[in-house]
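K.L.:
fold the stuff below for me.
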Amino acid sequence: MTQLTRERLLGLTARRYLTCDCPELGQVTIQSLNEQEAAEYQSHVWTAKGEYSPRRAQDQRRRLIALMLVAPDAGHTRLLRDEDVDALRSLDNHSCSRSAETTPAWAWKSLSRPT
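P.N.:
The predicted model follows:
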(Lines give C-alpha, C1' and ligand atoms only; values in the text may rest on other atoms or scores of the structure.)
Protein backbone atom coordinates (compact mmCIF):
# COMPACT_ATOMS: atom_id res chain seq x y z
CA MET A 1 0.00 0.00 0.00
CA THR A 2 1.24 3.48 -0.85
CA GLN A 3 2.09 5.88 1.99
CA LEU A 4 -0.27 8.84 2.31
CA THR A 5 1.26 12.18 1.44
CA ARG A 6 -0.08 15.70 1.69
CA GLU A 7 -0.23 15.97 -2.10
CA ARG A 8 -2.09 12.67 -2.46
CA LEU A 9 -4.62 13.58 0.24
CA LEU A 10 -5.29 17.04 -1.16
CA GLY A 11 -5.58 15.54 -4.64
CA LEU A 12 -8.68 13.49 -3.74
CA THR A 13 -11.03 16.03 -5.27
CA ALA A 14 -12.60 13.96 -8.04
CA ARG A 15 -16.28 13.24 -7.51
CA ARG A 16 -17.62 9.76 -7.96
CA TYR A 17 -20.85 8.99 -9.82
CA LEU A 18 -23.18 6.04 -9.83
CA THR A 19 -26.12 5.38 -12.14
CA CYS A 20 -28.78 2.89 -11.05
CA ASP A 21 -32.29 1.92 -12.04
CA CYS A 22 -35.29 3.12 -10.05
CA PRO A 23 -38.61 1.60 -11.22
CA GLU A 24 -40.61 4.75 -10.42
CA LEU A 25 -38.11 7.27 -11.78
CA GLY A 26 -36.03 5.53 -14.44
CA GLN A 27 -32.25 5.73 -14.39
CA VAL A 28 -30.93 7.88 -11.57
CA THR A 29 -27.39 9.27 -11.40
CA ILE A 30 -26.03 10.33 -8.01
CA GLN A 31 -22.81 12.05 -7.07
CA SER A 32 -20.58 11.86 -4.04
CA LEU A 33 -20.52 14.94 -1.83
CA ASN A 34 -17.37 16.91 -1.24
CA GLU A 35 -16.31 17.58 2.35
CA GLN A 36 -17.89 21.04 2.47
CA GLU A 37 -21.24 19.81 1.15
CA ALA A 38 -21.27 16.88 3.58
CA ALA A 39 -20.45 19.13 6.56
CA GLU A 40 -23.14 21.65 5.59
CA TYR A 41 -25.66 18.85 5.10
CA GLN A 42 -24.86 17.32 8.50
CA SER A 43 -24.87 20.62 10.37
CA HIS A 44 -28.16 21.82 8.86
CA VAL A 45 -30.18 20.40 11.77
CA TRP A 46 -28.52 22.81 14.24
CA THR A 47 -29.54 26.44 14.70
CA ALA A 48 -27.05 29.29 15.02
CA LYS A 49 -27.48 28.95 18.80
CA GLY A 50 -26.43 25.30 18.67
CA GLU A 51 -29.93 23.97 19.31
CA TYR A 52 -31.33 20.94 17.52
CA SER A 53 -34.13 21.87 15.09
CA PRO A 54 -36.74 19.14 14.47
CA ARG A 55 -38.12 21.24 11.60
CA ARG A 56 -34.76 21.25 9.83
CA ALA A 57 -34.31 17.54 10.49
CA GLN A 58 -37.52 16.84 8.56
CA ASP A 59 -35.87 18.25 5.44
CA GLN A 60 -32.74 16.12 5.61
CA ARG A 61 -33.77 13.39 3.13
CA ARG A 62 -35.05 16.00 0.68
CA ARG A 63 -31.84 18.00 1.03
CA LEU A 64 -29.78 14.89 0.34
CA ILE A 65 -31.83 14.14 -2.78
CA ALA A 66 -31.29 17.70 -4.02
CA LEU A 67 -27.55 17.50 -3.39
CA MET A 68 -26.91 14.11 -4.94
CA LEU A 69 -29.17 13.79 -8.01
CA VAL A 70 -27.28 14.88 -11.12
CA ALA A 71 -27.73 14.82 -14.88
CA PRO A 72 -26.23 11.72 -16.49
CA ASP A 73 -24.27 13.75 -19.06
CA ALA A 74 -20.57 14.58 -18.84
CA GLY A 75 -21.24 17.82 -16.95
CA HIS A 76 -23.12 16.08 -14.12
CA THR A 77 -24.99 19.26 -13.23
CA ARG A 78 -27.36 19.01 -10.28
CA LEU A 79 -30.94 18.27 -11.30
CA LEU A 80 -32.36 20.22 -8.36
CA ARG A 81 -31.48 23.54 -6.77
CA ASP A 82 -31.44 24.26 -3.03
CA GLU A 83 -34.74 26.09 -3.38
CA ASP A 84 -36.34 22.91 -4.77
CA VAL A 85 -36.13 21.19 -1.37
CA ASP A 86 -39.44 22.74 -0.31
CA ALA A 87 -41.09 21.63 -3.56
CA LEU A 88 -40.06 18.02 -2.83
CA ARG A 89 -42.44 18.06 0.15
CA SER A 90 -45.40 17.66 -2.18
CA LEU A 91 -43.99 14.64 -4.02
CA ASP A 92 -45.53 11.25 -3.52
CA ASN A 93 -43.73 9.77 -0.51
CA HIS A 94 -43.04 6.48 -2.24
CA SER A 95 -41.34 8.17 -5.20
CA CYS A 96 -39.34 10.45 -2.94
CA SER A 97 -38.29 7.53 -0.76
CA ARG A 98 -37.28 5.52 -3.79
CA SER A 99 -35.07 8.30 -5.11
CA ALA A 100 -33.24 8.37 -1.77
CA GLU A 101 -33.21 4.62 -1.24
CA THR A 102 -32.91 3.19 -4.76
CA THR A 103 -29.16 2.98 -4.47
CA PRO A 104 -28.01 -0.15 -2.65
CA ALA A 105 -26.29 0.36 0.70
CA TRP A 106 -22.91 -0.70 -0.73
CA ALA A 107 -23.13 2.11 -3.28
CA TRP A 108 -23.83 4.81 -0.67
CA LYS A 109 -20.85 3.53 1.30
CA SER A 110 -18.62 3.56 -1.77
CA LEU A 111 -19.64 7.13 -2.56
CA SER A 112 -19.00 8.26 1.00
CA ARG A 113 -15.32 7.37 1.05
CA PRO A 114 -12.38 8.00 -1.29
CA THR A 115 -11.45 5.33 -3.83
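K.L.:
going forward, measure contacts and count neighbours with C-alpha atoms only.
P.N.:
Fine.
K.L.:
residue boundaries of the strands in the protein?
P.N.:
Under the criterion DSSP state E, the chain contains strands at 17-22, 26-31, 69-70.
K.L.:
for the ones you listed, which one ends up most surrounded?
P.N.:
strand 69-70 (a mean of 22; mean count of other Cα atoms under 10 Å).
K.L.:
redo the strands of the chain as JSON lines? Include distance to residue 7 and mean pLDDT.
P.N.:
Listed next are these as JSON lines, based on distance: least, Cα to Cα, whole Å; pLDDT from 0 to 100:
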{"stretch": "strand 17-22", "distance to residue 7": "23", "mean pLDDT": "86"}
{"stretch": "strand 26-31", "distance to residue 7": "23", "mean pLDDT": "88"}
{"stretch": "strand 69-70", "distance to residue 7": "29", "mean pLDDT": "92"}
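K.L.:
now distance to residue 5 too, for those strands, in a markdown table please.
P.N.:
Compiled in a markdown table, the strands of the chain are given as follows (distance: least, Cα to Cα, whole Å):
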| stretch | distance to residue 5 |
| --- | --- |
| strand 17-22 | 25 |
| strand 26-31 | 26 |
| strand 69-70 | 31 |
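K.L.:
which among those strands is found nearest to residue 93?
P.N.:
Of all the strands of the chain, strand 17-22 sits nearest to residue 93, with 14.4 Å by Cα to Cα.
K.L.:
run the angle between the closest one and strand 26-31 for me.
P.N.:
Going by axes from the mean of the first three to the mean of the last three Cα atoms, to 10 degrees, strand 17-22 is angled at 150 degrees with respect to strand 26-31.
K.L.:
I'd like to know how far residue 45 sits from residue 90.
P.N.:
Counting by Cα to Cα, to the nearest Å, the separation of residue 45 from residue 90 is 21 Å.
K.L.:
more neighbours: which of those two?
P.N.:
Neighbour count, other Cα atoms under 10 Å: between residue 45 and residue 90, residue 45 has more, with 19 against 9.
K.L.:
ok, that one to residue 56 distance?
P.N.:
Residue 45 is 5 Å from residue 56, where distance means Cα to Cα.
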